[in-house]
Structures are given as structure tokens and as C-alpha cells.
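> Just a sequence and a predicted model for now, questions to come.
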Amino acid sequence: MPTITDVWSALAQRLDHQRIRLGKIRARRDELRAAYEEYRDLTREMEDRTESVKRIGGLLGPKGLSGSRVDIRAIIQEALDGSLPLDDLRKQLTLWEALFEYLSCVDEAQVDDIRSFCTSVGVKTSRASLESALKTHANMFRIMKRGKQKWLALKKG
């Protein structure tokens, strides 16, 4: 049977072991911190880029998918790991997302040019629907007037 001194000594040794182990855990955790933060950054970037692929695929839609010299369908399938039926991309696309992706490719554009592009890829737009999308997502879009023309750009930041 252990004596009080034996138990006290065992607990003191265990306490010292815990101290040493905690020091090693802290050091290892600090070593991994940068890798963990990079992992989180990469995960967020991957999510953002996946959403962009979905929006671009939806914007190009059936006309863009069939009329291109590059195999857009294959690019989208690979980027999304084939996880989403391509026919669903257009159905999921909202007008503000189409505007966002269009304006991501140009610094700024006239509203009429955007409407023409949307029409060419089969996205139905009206002035009222554009105005509604711009008003609803005012934090994303910058509206400028030049003479009688309205120009749009993405807000920075």
C-alpha cells in the first residue's frame, strides 16, 4: 500500500509531467498556427472561387456552353468536381450575381451594354429588374452618370 509520501511524490511528478507536456503542446500548437490559418484562408478562397464558377456557368448558360471554342462544360465540371448538374446553374443564378460577374471582367460598363450581353446569353433583363438588383445590392455596385448614360462598376473593398 502506498504511503502518503508516495502519493504526494507521485502527484508532484505527475504535475511536473503535465507542465512539461503542456509546454510541448503549446510549442507544437504555435508551430501549427500558421499552417492552420493558411488552411482556413485556402478554404475560404476555395468557397469563393467555387461560387464564382457557379455564377459564371449560370451566366454563360446553355448558349455560352454550346457556342464556345473552349470546352466550358468540362471546365465547370472539373472546377466543381462534377458535384452540381450544369443545367441547375442557370436556374440558381440571380440578376445581381450576373451583374457581379460581368463587372468583374470589366472596370465599368454602360447599363445598355450589360443588358445586351445578358440578352446574348439568354438572361432576361429589364430596366426595372436591373434597377431593383442595383438598389437591393447597393453595397456592391457603384452607379455613375455621364451625360445621359448610366455606368456601373463594382465598389472597391
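Thanks, I have the structure now. Numbers count the residues shown, from 1 in each chain.

> Neighbours of residue 151, how many?
Neighbourhood size, residue 151 [other CB atoms under 10 Å]: 16. Bear in mind the C-beta positions are built from the backbone N, C-alpha and C, glycine included.

> Show me the residue at the heart of the chain, geometrically.
residue 48 (1.2 Å; CA atoms, centre = their mean).

> how close does that residue get to residue 99?
17 Å (CB to CB, to the nearest Å).

> Could you confirm residue 150 falls within a helix?
No. Looking at residue 150 with DSSP: H, G, I helix; E, B strand; the rest coil, it is strand, so not inside a helix.

> pLDDT value on the nearest residue to it once chain neighbours are set aside, please?
Leaving aside its chain neighbours, residue 150 sits nearest to residue 111 (4.7 Å; criterion: CB to CB, 6 or more residues apart in numbering). Among the per-residue scores, residue 111 shows a pLDDT of 92.

> Now do the contacts for residue 111.
Residue 111 makes contact with 127, 130, 149-152, according to CB atoms under 8 Å, 6 or more residues apart in numbering.

> filter those residues to the buried ones?
Among the contacts of residue 111, those scoring as buried are 130, 150-152 (criterion: 16 or more other CB atoms under 10 Å).

> What segments of this structure are helices?
Secondary structure of the chain (DSSP state H): helices located at 4-66, 72-79, 86-92, 95-105, 111-120, 127-136.

> Out of these, which gets nearest to residue 143?
Ranking the helices of the chain by their distance to residue 143 (criterion: CB to CB) puts helix 127-136 first, at 6.4 Å.

> tilt between the closest one and helix 111-120?
For helix 127-136 against helix 111-120, the angle by axes from the mean of the first three to the mean of the last three CA atoms, to 10 degrees is 110 degrees.

> follow-up on the earlier one: mind putting the buried ones among the contacts of residue 111 into TSV with pLDDT?
Output for these, formatted as TSV (pLDDT from 0 to 100):
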residue	pLDDT
130	92
150	91
151	95
152	96
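
> nearest to residue 140, of those?
Nearest to residue 140 among the buried ones among the contacts of residue 111 is residue 152, at 10.1 Å by CB to CB.

> Which strand residues bridge that closest one?
residue 109, residue 143 (DSSP bridges).

> just checking, it touches residue 141?
Yes. Contact criterion CB atoms under 8 Å: residue 152 and residue 141 qualify, at 5.7 Å.

> Report the set of residues contacting both of the two.
If you check residue 152 and residue 141 against CB under 8 Å, 6+ apart, the residues they both contact are 99, 103, 134.
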